[in-house]
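A.B. asks: Everything below, folded, please.
(8 chains)
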Protein chains: 8
Amino acid sequence: MKPQVLIVMGSDSDMPVMEGAWQMLEEFGISCEITIASAHRTPERAVKLASGAEDRGIEVIIAGAGMASHLAAVLAAHTIIPVIGVPINSSPLNGLDSLISTVQMPPGVPVATMAIGKAGAKNAAILAAQIIGRKDPAVAKSLREFKKKMAEEVEKKAKALKRTLPFT
Amino acid sequence: MKPQVLIVMGSDSDMPVMEGAWQMLEEFGISCEITIASAHRTPERAVKLASGAEDRGIEVIIAGAGMASHLAAVLAAHTIIPVIGVPINSSPLNGLDSLISTVQMPPGVPVATMAIGKAGAKNAAILAAQIIGRKDPAVAKSLREFKKKMAEEVEKKAKALKRTLPFT
Amino acid sequence: MKPQVLIVMGSDSDMPVMEGAWQMLEEFGISCEITIASAHRTPERAVKLASGAEDRGIEVIIAGAGMASHLAAVLAAHTIIPVIGVPINSSPLNGLDSLISTVQMPPGVPVATMAIGKAGAKNAAILAAQIIGRKDPAVAKSLREFKKKMAEEVEKKAKALKRTLPFT
Amino acid sequence: MKPQVLIVMGSDSDMPVMEGAWQMLEEFGISCEITIASAHRTPERAVKLASGAEDRGIEVIIAGAGMASHLAAVLAAHTIIPVIGVPINSSPLNGLDSLISTVQMPPGVPVATMAIGKAGAKNAAILAAQIIGRKDPAVAKSLREFKKKMAEEVEKKAKALKRTLPFT
Amino acid sequence: MKPQVLIVMGSDSDMPVMEGAWQMLEEFGISCEITIASAHRTPERAVKLASGAEDRGIEVIIAGAGMASHLAAVLAAHTIIPVIGVPINSSPLNGLDSLISTVQMPPGVPVATMAIGKAGAKNAAILAAQIIGRKDPAVAKSLREFKKKMAEEVEKKAKALKRTLPFT
Amino acid sequence: MKPQVLIVMGSDSDMPVMEGAWQMLEEFGISCEITIASAHRTPERAVKLASGAEDRGIEVIIAGAGMASHLAAVLAAHTIIPVIGVPINSSPLNGLDSLISTVQMPPGVPVATMAIGKAGAKNAAILAAQIIGRKDPAVAKSLREFKKKMAEEVEKKAKALKRTLPFT
Amino acid sequence: MKPQVLIVMGSDSDMPVMEGAWQMLEEFGISCEITIASAHRTPERAVKLASGAEDRGIEVIIAGAGMASHLAAVLAAHTIIPVIGVPINSSPLNGLDSLISTVQMPPGVPVATMAIGKAGAKNAAILAAQIIGRKDPAVAKSLREFKKKMAEEVEKKAKALKRTLPFT
Amino acid sequence: MKPQVLIVMGSDSDMPVMEGAWQMLEEFGISCEITIASAHRTPERAVKLASGAEDRGIEVIIAGAGMASHLAAVLAAHTIIPVIGVPINSSPLNGLDSLISTVQMPPGVPVATMAIGKAGAKNAAILAAQIIGRKDPAVAKSLREFKKKMAEEVEKKAKALKRTLPFT
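C.D. replies: The predicted structure is shown next:
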């Protein structure tokens, strides 16, 4: 199956955070390609990945990187498909550096920025599904079911809590 | 023409920032509907706007709000179409409060967050176009032209600079 | 006994922080109901909890959530009883995201915000008691005793310290 | 009419911010007393104001101060009635100093903290009304009407916007 | 020997940080009294400690507290002897809350603020010695020796490093 | 009259902030010397000022500088008399850079840090008076009067407010 | 004269800040070329500028940009000559976004980061001169004279101050 | 071999961070001298190191220090050779204090600032090599090879990833 989402990480040390993205995509039945490219150490590779993406059928790019994370921006500069940025907490500044470097894009080149770390990686996949869901009704349906299931889980936990805590 | 993008502002005082979004959409030939709704003062209105959006043919929602800006989040909680959040600088914290309240979404409900203020409003429209461009080739073409024009403008400014500064 | 305080957590992972609230309420002899609801994953549940609270005899709502914590705000949007927000430290930003998302409410819908984490959860219960103490003299009396006991404990520790440190 | 709310400002320069509080209280028909006291320059005065408040019939204290704002905390240390703190933006740190000094109270002595500046002053009055509304049905009714009016104003603005913007 | 320095901690949990202060004072042969008092839980105790200090022969007060640390400020409000504040890192905000609450004093009541944590506790003692050294030549002499010893230790470490690292 | 306090500014542009210091010292009848020296542009001058200060009868040094303000630290490194640091707001970071560079001194060399800007400059003079007051009873007396006067002014303003606001 | 320094700005709106750089270079007799290139809008242009710089005889690159400023990083990724980054204050975050995006480079690709704004632009030119001064004795001599002149100006201002302020 | 780079650390506890610098220099075949000097505890030693550096043939100075790190600035004040600053994370503020104290230099005395911690130490060595590479073609060649090797390693990791993840 041809990949619909391209996931790019700045380094293989970003895998424990970013795997939340591909696990989530799998739940929605969306195929993806996962690779490593650095905006600073392999700029050509990053450019090639982005500029060839549309022609290869990629619908959305998800990029995760830490520190002064320019990866999502470099990719966004070379494509017109949506680029989602996941800030990664890999420096003493707790990911605030990565968040600000990802989100504060100047006018002209947007990066759809998610929360720092695992929550952001998971949400990147959901946003990718929402984008793909605009033309693929099956994905849209999965999203509706996911939303319902998410709510049901909270309700279930609320009920379980009621049994545990006698005074509630 | 049926609106494809719904722009929601938390207050009419957000208009000078958010008008960058609809001006940009117009450039891409994308129709939009602009309205006001507050996550805190008119929660039902916000819910109705979001939950009815998909059926009315809306493809993307853009939400701009200041302070502890929950507007984008509330909309995202009630729809499966992509929601783009524009943090607005309308408090002594310079929009940092709005940025953090918009971007740090817990797992399950993403908000595609843009830069604070006018840059973010403009980029929200471009991201919306990129999403719509996934199924509308005319919009994709406009995006390619926009990217080219943007580059040409920089080149033109660089040339103009060369004439101005004798020592360069 | 009918619950006077409603404690809502965004997730069951918030329990170790929020249990400080119900333990403290117990000390004041105030009954409470504890449940889970997410502003983003179960918005309807949150709305129902808040909008029905007054009629069920709830006097105060305490809400604890992490990240871009909109829970207290969503509850406050649907009720006229006081809502106390406890920011929770559950992301790389150390709870600063939760604090700012909770406290920076736009005019019209206040959230009585506490300190981040356990200190805040305990103080939320004390503030709830102070509010209930406005009409329940027994709770007011408990608060006066609590204040005295708190002071006595510090004095006792100061005395103990005097015995321990020979040179003081 | 005996005052139900005591508003204390750290300095008369805080009046332009804090007047939002008393204007709002007036709307709810709640009487108030307004005075100046400094936690650092007139500590005895602050102590006297707080420790005598309950006996004089005060139901809620609202305290507004800038910089390392200890005023709300000092008042809260000497009373068991709820104390609401309004951080004021009067230093180069844009009120962040005041917010953090007000909200990060150690366990035992809560301060119900509002947003920085005018939004916070207005919300302090609404929270005070919500607390008084727990025993005064007339105030509770006013709060319900205020909530409705607030929503209607947003709806009215949304309609006005529709007339202005031809393309919406 | 009558104590010259009064060290006040907000809680006994602050001891591991503050012991750096009394160990350092001992090195300078300065006697001290160590106690616990909370600005919020035992405000009267704090007031008494500060207002009686000068008459008891105290020359300098050192105060260490965490979170929204008002202890040093409350003491400074009740005395004209110098008060040194040590911010303590005991909340998710890493001591930034304590630093800002200690240092951003409004005009009229200074608190001589030190670095967060152990470095600050040690430096508080040195500053106390510098103040006492203004009238006690023996302490001034100790300070000069301390400065020399400190420099010698660095030089010794630099020499040791030279032996360790062959390529230097 | 021989100067007792040495005020050093990093630049003549710091005068509008620092004049608060010498005006305040004048009120206490404390003589001072005011000069300019830069830790970075005239390091030798800074060293000479600090290392010669004690012999010239200087009791306290006050240093004000902006940005990465090392001036107070450089002076403190060359003397055993107390050095008070005033952070100055002269960069886009609003004085936060200056505050952090002044206060976060490593163990061994304290700088008594004040609030950012004018409040800090005024407080630096009061702290200097408190230090000198430890051996000069006349200054101690002035400080007691200043404290009283400060309180009286607040009381006076509180009374004036009572006359102005009819509803209080 | 062939340019030795290449100054690149992200936008022509950065000129008022960056002109400090070329004015300073002129003082040292160092020729420069000034141009505009955007990491996001004209990535190819940026790459070409950087990768061709060494062969054209450029010794140092100075890059100034605002917001999530990736310009210096993109240039550094394509050359082995030193790249100096000047963060520019052009967003509501006061240049903190630009500073963090410029300085927090991951290992492998350094950017020599300066202070935010005009001070940084001027210092970028001085650092460029220091680098060129490593092989050009004339520039090294200019730097020594600049250092002396800078010190003399401070001394002159200190003298002028002495005449102005009668009580110093 | 005469050292070309001087590495100065504020304390021997900075070695685990700074060793990244000398390991990296060794890769480029650049000799270095490593020592300890404190801007605050051994100011004379710091001055001597910097002012004698040029005559001893040092081409670049690398300085690493934590907290209010003035070391790089003090060295830069006494030399015209480039000084590179490495902020070190050794306080509760996570190195943000050190970063800001290093980078926000006032105009006239630049410090080429790197990222906080190990990434910064490694990059300091690369920048030093880039500066030396301006006159030493062998070092320039090493830098070109290093850049290539760095890219190849990323490509290798990308390939390895492809083998590991079956679904990519």
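A.B. asks: Count residues in the vicinity of A:S31, would you?
C.D. replies: Neighbours of A:S31 under the rule other CB atoms under 10 Å in any protein chain shown: 15. Every residue, glycine included, has its C-beta placed from N, CA and C.
A.B. asks: can you check the one 3 residues further on too?
C.D. replies: By other CB under 10 Å, the residues close to A:I34 number 24.
A.B. asks: Ok, A:A160 next?
C.D. replies: 12.
A.B. asks: quick one: contacts for A:L99?
C.D. replies: By CB atoms under 8 Å, 6 or more residues apart in numbering or on different chains, the contact set of A:L99 is A:87, A:113, A:116, B:103.
A.B. asks: for the first one, what are its contacts?
C.D. replies: Same thing as A:P87. Contacts for A:P87 were tallied using CB under 8 Å, 6+ apart; they are A:64, A:66, A:69, A:95, A:98-99, A:101-103, A:113-117, A:120.
A.B. asks: In chain A, what residue lies closest to chain E?
C.D. replies: A:N94 (9.7 Å; CB to the nearest CB).
A.B. asks: By mean pLDDT, point me to the weakest helix or strand of chain A.
C.D. replies: helix A:137-164 (a mean of 93; mean pLDDT, DSSP states H and E).
A.B. asks: Give the full set of residues in contact with the residue nearest in space to the middle of chain A.
C.D. replies: Among the residues of chain A, the one closest to the centroid is A:A124, at 2.6 Å (CA atoms, centre = their mean). Contact partners of A:A124, counting by CB under 8 Å, 6+ apart, are A:21, A:62, A:64, A:84-86, A:114, B:110.
A.B. asks: now A:R134
C.D. replies: A:R134 sits next to A:140, B:59, B:81-82, B:131-132, B:134-135 when contact means CB under 8 Å, 6+ apart.
A.B. asks: hmm, try it at 10 Å
C.D. replies: For A:R134, the contacting residues are A:59, A:140, B:54, B:59-60, B:80-82, B:131-132, B:134-136, by CB atoms under 10 Å, 6 or more residues apart in numbering or on different chains.
A.B. asks: Just these: which are in helices?
C.D. replies: A:140, B:131-132 (DSSP state H).
A.B. asks: got the end-to-end distance for stretch A:49-58?
C.D. replies: Terminal residues of stretch A:49-58 lie 10 Å apart, using CA to CA, to the nearest Å.
A.B. asks: Pull the residues that contact it.
C.D. replies: Residues from elsewhere that reach stretch A:49-58 (CB under 10 Å, 6+ apart): A:2-6, A:8, A:31-33, A:35, A:37, A:42, A:59-61, A:63, A:71-72, A:74-81, A:83, B:133-134, B:140, B:144, G:43, H:158.
A.B. asks: Show me which residues of that stretch are buried.
C.D. replies: Of the residues in stretch A:49-58, those buried under the neighbour-count criterion (16 or more other CB atoms under 10 Å in any protein chain shown) are A:49-50, A:53-54, A:58.
A.B. asks: now stretch A:143-153, how far from the centre of its chain.
C.D. replies: 19 Å (CA atoms, centre = their mean, to the nearest Å).
A.B. asks: Is A:P106 in a helix, a strand, or coil?
C.D. replies: coil (DSSP: H, G, I helix; E, B strand; the rest coil).
A.B. asks: neighbours of it, just the number please.
C.D. replies: By other CB under 10 Å, neighbour count at A:P106 equals 26.
A.B. asks: same question, A:R144
C.D. replies: 14.
A.B. asks: And A:E26, by the same measure?
C.D. replies: By other CB under 10 Å, neighbour count at A:E26 equals 13.
A.B. asks: Is it located within a strand, as I assumed?
C.D. replies: No: under three-state DSSP, A:E26 sits outside any strand and is assigned helix.
A.B. asks: distance of it from D:F146?
C.D. replies: Computed with CB to CB, to the nearest Å, the distance linking A:E26 and D:F146 is 49 Å.
A.B. asks: Equivalent analysis for A:I36, please.
C.D. replies: According to CB to CB, A:I36 and D:F146 sit 56 Å apart.
A.B. asks: How about A:A65?
C.D. replies: Distance from A:A65 to D:F146, by CB to CB: 47 Å.
A.B. asks: For stretch A:82-98, C-alpha coordinates in PDB please.
C.D. replies: The C-alpha coordinates for stretch A:82-98 follow below in PDB (Å, rounded to 0.1, in the frame of the first residue of the first chain):
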ATOM      1  CA  PRO A  82       0.200  20.200   5.000                       C
ATOM      2  CA  VAL A  83       3.200  19.800   7.400                       C
ATOM      3  CA  ILE A  84       2.500  19.000  11.000                       C
ATOM      4  CA  GLY A  85       5.200  19.700  13.500                       C
ATOM      5  CA  VAL A  86       5.800  17.800  16.800                       C
ATOM      6  CA  PRO A  87       8.000  19.600  19.200                       C
ATOM      7  CA  ILE A  88      10.300  17.200  21.100                       C
ATOM      8  CA  ASN A  89      11.600  17.600  24.600                       C
ATOM      9  CA  SER A  90      15.300  16.700  24.200                       C
ATOM     10  CA  SER A  91      17.100  19.600  25.800                       C
ATOM     11  CA  PRO A  92      17.400  21.300  29.200                       C
ATOM     12  CA  LEU A  93      14.700  23.800  28.100                       C
ATOM     13  CA  ASN A  94      12.100  21.000  28.300                       C
ATOM     14  CA  GLY A  95      10.900  21.300  24.800                       C
ATOM     15  CA  LEU A  96      10.000  25.000  25.000                       C
ATOM     16  CA  ASP A  97      12.800  25.700  22.600                       C
ATOM     17  CA  SER A  98      11.400  23.100  20.100                       C
END
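A.B. asks: what's A:L93 in contact with, if anything?
C.D. replies: A:L93 neighbours (CB under 10 Å, 6+ apart): A:66-67, A:99-100, C:92, G:100, G:104, H:89, H:94-96, H:99, H:115-117.
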